[in-house]
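**Student:** need a 3D model of the following:
(one chain, ligands or ions: 1)
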Amino acid sequence: MRPWNDYKAYLTSRFGEPVYRIGVDAGFSCPNRENRRGGCSFCDGMGALASYQRTSESLFHSGCAFERCLEQAQVESLETQVRRGKEYLVRRFNARLFAMYLQAFTNTYAPLPRLREIYDKCLELDDFTMFIVSTRPDCIDAPIAELLGEYGQRLETWVELGLQSGSDRILGLMNRGHGTEAFEKACKALDGQGLNLSCHVVLGYPTESRDEMLETARLVNQSPVKAVKIHNLNVCSGTSLYDQYMQGEISVASRKRHIMTCALFLQRLRKDIVIERLMCETPSQRLAAPRNFGDKAAFLRELEAYMNGNGMAQGDLCLM
Ligand code: SF4
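**Tutor:** As a prediction, this is how the structure comes out:
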């Protein structure tokens, strides 16, 4: 058994078999990329879309203006994206259960009627087992939380919040455009609506101290979050981090360092929190660093061996 609360095991115990996410781009934007706010330091403007949906990836190259790339890359219809995603998941994993995953950009960033229209349209496209909406903490308010709660009554609905760090200093360096208070407010609004909450965190941001990282664990533990996605820092071309990296101002964690960091973080996390992800998987043509990090399966094997070999398990040093 893995020394962390494994997502696939959670899905299998909950639904009898794994549920596969069909990640889509529903055409949303992001407030942090508008009004000259510049976007997050690590964001390359591709909206974190699944690899099988990145059909315009060839438009992307180092030095390209991202907004220009995005203009050229038409958002395809939801029907097309769902069909393509489903075909891929059936072919690759023999998948039978699916989650509608609103993945790209900020999926609560629109007026309420428009949100309802898009969510309804998405859920009409297949018989989904789960509905997952990814967004920023500062794009959740009481009416949006209530709307999401309506979907929570129809099927298992998750809201994924981009927390990224429990340190306001690190959030400032990331140019996130929100602080930890926004995360706490979003959690408060969403809690009690019959929803499941998860959050994304980045471990090992340049200059992040051990205490700041542990503060992230503490903030997550004190929230109603039920699942976490952990990312190592990936530097993509076209980001402000890329400029810093090319000037030699920052470095990123090696695979060995990230294994140690994950183990330390997992030990401090509540035992019941499900771990949905432990590393980033940026396509190599967009990734400047780290190179030669290795694949996910090898990383998970090494992390498991490291934690088991050192008698470490999720939650055994839980911070509250
Ligand atoms: S919130 Fe997401 S889409 Fe917006 S700038 Fe940050 S990483 Fe990019």
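
**Student:** residues in contact with the residue in the stretch 151-300 of the chain positioned nearest to the ligand?
**Tutor:** With CB to the nearest ligand atom, the shortest gap between the stretch 151-300 of the chain and the ligand falls at Gly162, namely 5.7 Å. C-betas here are computed from N, CA, C, even on glycine. Gly162 is in contact with 134-137, 176, 199-200, counting by CB atoms under 8 Å, 6 or more residues apart in numbering.

**Student:** shouldn't Val159 be in contact with Thr135?
**Tutor:** Yes: contact criterion CB atoms under 8 Å: Val159 and Thr135 qualify, at 6.8 Å.

**Student:** settle it for me: which of these two has more neighbours?
**Tutor:** Set Val159 next to Thr135 and count neighbours by other CB atoms under 10 Å: Val159 wins out with 31 against 22.

**Student:** helix or strand for the more buried one, which one?
**Tutor:** Per DSSP states H and E, Val159 falls inside strand 156-164.

**Student:** okay, now the sheet partners of that strand, with direction.
**Tutor:** strand 130-135 (parallel), strand 196-203 (parallel) (DSSP bridges).

**Student:** pLDDT of the helix or strand that it is followed by, averaged?
**Tutor:** Beyond strand 156-164 on the C-terminal side, the first helix or strand identified by DSSP H and E is helix 168-173. Averaging pLDDT along helix 168-173 yields 98.

**Student:** so how far is the strand holding Val159 from its chain's centroid?
**Tutor:** 8 Å (CA atoms, centre = their mean, to the nearest Å).

**Student:** got the CA coordinates for it in PDB?
**Tutor:** Backbone C-alpha positions of strand 156-164 (Å, rounded to 0.1, in the frame of the first residue of the first chain) are rendered in PDB as follows:
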ATOM      1  CA  GLU A 156     -20.600  14.200  -7.300                       C
ATOM      2  CA  THR A 157     -19.100  17.700  -7.900                       C
ATOM      3  CA  TRP A 158     -15.600  18.900  -7.100                       C
ATOM      4  CA  VAL A 159     -14.300  22.400  -7.000                       C
ATOM      5  CA  GLU A 160     -10.600  22.700  -7.600                       C
ATOM      6  CA  LEU A 161      -9.100  25.800  -6.100                       C
ATOM      7  CA  GLY A 162      -5.700  27.100  -7.200                       C
ATOM      8  CA  LEU A 163      -4.200  27.800  -3.800                       C
ATOM      9  CA  GLN A 164      -0.500  27.300  -4.800                       C
END
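
**Student:** so Cys122 is in contact with Met100, correct?
**Tutor:** Yes: under the criterion of CB under 8 Å, Cys122 makes contact with Met100 at 5.0 Å.

**Student:** looking at those two, which has the bigger crowd around it?
**Tutor:** Comparing Cys122 with Met100 by other CB under 10 Å, the one with more neighbours is Met100, at 28 against 23.

**Student:** ok so the more buried one is a strand residue?
**Tutor:** Yes: under DSSP: H, G, I helix; E, B strand; the rest coil, Met100 falls within a strand.
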